Each structure stands twice: as structure tokens, then as C-alpha cells.
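In: From the sequence below, what's the structure:
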Amino acid sequence: MKNFLLLLLCILLFAGCKNSEKDNYKASLDFYGNTSKEEHPGKKLMEMYCYACHDAKTPEEKRLAPPMIAVKTRYVFNNTTKDEFINDVQNWIKNPNEKDARMFGAVRRFGVMTKLPYPEKDVKLIADYIFDNEIEEPEWFQEHRNQNMGKGRRGMQ
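Out: Reported below is the predicted structural model:
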């Protein structure tokens, strides 16, 4: 019985040390920039929550909402800060309504987005990811964007 307990204690200590060494090693590599980047958690959340309606790969006739890149271009302007963008997205998710809409054409075509019960921390991670990263564009998007420049789309990038 003593040998069994001693063996169990050794296994637990070894397993605990192994994980902490691995974490410390990974952290030191991250410090020097030698590890591959882990995926931003907001990307996975965006794909899980948002792409049901906002996926850039959805064919036009099956689209339920504009692609996420279109959303980004209506919320992120040359002078928009990340905090402003995150707050704007969080406010929209909490209370989507026609009065506060920024995508008038999308509202005409798809209606106002349904109020969704997503956790605020998840919405913050999604907005953080969208602000800092390139978002997938459908093939038609650049032409659409160029055609709509100057039609009341202030600061559109």
C-alpha cells in the first residue's frame, strides 16, 4: 500500500512539473516571438456566433445579413478607436433597432438584426478581433464598396 501511495505521489508531482515547465517554456518562447501565434478567441466566437448570418462565403441569394466586412466598414472609420468600436458593437448587440442602424441598405434588405443573448465578454472579444484583423471579403465586396463611396458613407475606409 505504501508503494502504491508513493508511486501515485510521484506521478502527480511529475505531471504537475511537466505542465508548468511546458507553460514556462512556451511563455519564454512567446516573449522572444519564436512561437506560432495562437488564434484570437474572438475569431472563433465570430465564426460560431456571427457567421450563421454574416459569412462572406454565403451566396447572395441565401444571405441573411451583410458579410462582417461590410459591418466593419460601417463602424470603423479613420478616427475610430478600438474602444469606440467595441462599445458601438456591444450597444448594437444589446439593442438592435432601426433608429441606431448604420447600414440602411442592409436594414432595407434584411430587416433589423434580431436581438441576441450573447455574453458581453464574447461580444467584446469578437469586436476586438474584428477591429485589429482583416476580415474575409466576398469577391463582389470591393466593387460594391467603391460604388457606394461618397453616398453618405462618412469616412468609409
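In: Against Phe104, how distant is Gln90?
Out: Distance, Gln90 to Phe104, using C-beta to C-beta, to the nearest Å: 21 Å. C-betas here are computed from N, CA, C, even on glycine.
In: higher neighbour count, the two?
Out: Gln90 (17 against 12; other C-beta atoms under 10 Å).
In: okay but the more buried one is in contact with Ile126, surely?
Out: No. With contact defined as C-beta atoms under 8 Å, Gln90 does not reach Ile126; the gap is 9.6 Å.
In: Quick check: can you list the domain ranges of this protein?
Out: In the domain annotation for the chain, the residue ranges read 1-38, 41-148 (automatic domain parsing).
In: lowest-pLDDT helix or strand in the chain?
Out: Of all the helices and strands that make up the chain, helix 2-32 has the lowest average by mean pLDDT, DSSP states H and E, namely a mean of 46.
In: Beyond that one, next helix or strand please.
Out: Next helix or strand after helix 2-32 toward the C-terminus (DSSP states H and E): helix 41-45.
In: Show the average pLDDT along that following helix.
Out: For helix 41-45, the per-residue pLDDT values average out at 97.
In: need the next SSE after that helix, C-terminal direction.
Out: Next along the chain after helix 41-45, taking DSSP H and E as the criterion, comes helix 51-54.
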